[in-house]
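Visitor: when you get a sec, could you give me coordinates for this:
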Amino acid sequence: MKIETGYLYHIKDEFFKIINDDGIMINHENGHSRPSYLAIRDKDILWFIPLSSKVSKYKPIVEKKKNKYGSCKSILIKKIAGKEQVILIQNAFPTLEKYILSCHTIDGKIVKVASAVQREIVNDFKYIISLKEKGLNLFFTDVDKIKNQMLKEHANSIEYEFSK
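Guide: Below you'll find the model as predicted:
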């Protein structure tokens, strides 16, 4: 399966067991394939941003942040596949292709986020990453620990393939 930026996917339960991070949004009820995650490709690492349908829960949080800071780039509320969805950039995490369970589909069609919405999400994600690099961490997960673990796994798999 080719993983591409802007499409929605589901993550295997195995990933969440390996990572064991309290800040990460795990699958509801083992194997239920929720939430859906928006993919952003970054070289060998894939970043996944969880989506939530709990718009009424997050709208006040977004408004509070906008009132306090002038904008909110860590949580977006946008229409995806015809429904308002919450895009939780603050809950993003890196992983590898081997932990992708499936593409998210509706009526048998793979869900892709509209280009304009996708650009906004990617730009806000890059902004949140840049803040982290400057010392202001808005991520709920330990993205450095997870990324290092994923890069180590990736390197080990390449080394294994090379030694065959």
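Visitor: next up, phi/psi of residue 114, please.
Guide: phi -50, psi 140 (degrees, to the nearest 10).
Visitor: that one: neighbour count?
Guide: For residue 114, the number of neighbouring residues by other C-beta atoms under 10 Å comes to 13. For glycine as for every other residue, the C-beta is placed from the backbone atoms N, C-alpha and C.
Visitor: hey, where'd the helices end up in the chain?
Guide: Per DSSP state H, the chain carries helices over the ranges 13-19, 55-69, 115-133, 143-163.
Visitor: residue 85 is nearest to which of those helices?
Guide: Set against residue 85 and scored by C-beta to C-beta, the helices of the chain come closest in helix 55-69, at 7.4 Å.
Visitor: helices or strands next to the closest one in the packing?
Guide: Contact here means 3 or more C-beta pairs under 8 Å, 6 or more residues apart in numbering; DSSP states H and E; on that basis helix 55-69 packs against strand 75-80, strand 83-88.
Visitor: make TSV out of these and add mean neighbour count and distance to residue 120.
Guide: As requested, the helices and strands packed on helix 55-69 are exported to TSV (neighbours: other C-beta atoms under 10 Å; distance: least, C-beta to C-beta, whole Å):
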stretch	mean neighbour count	distance to residue 120
strand 75-80	17	7
strand 83-88	20	9
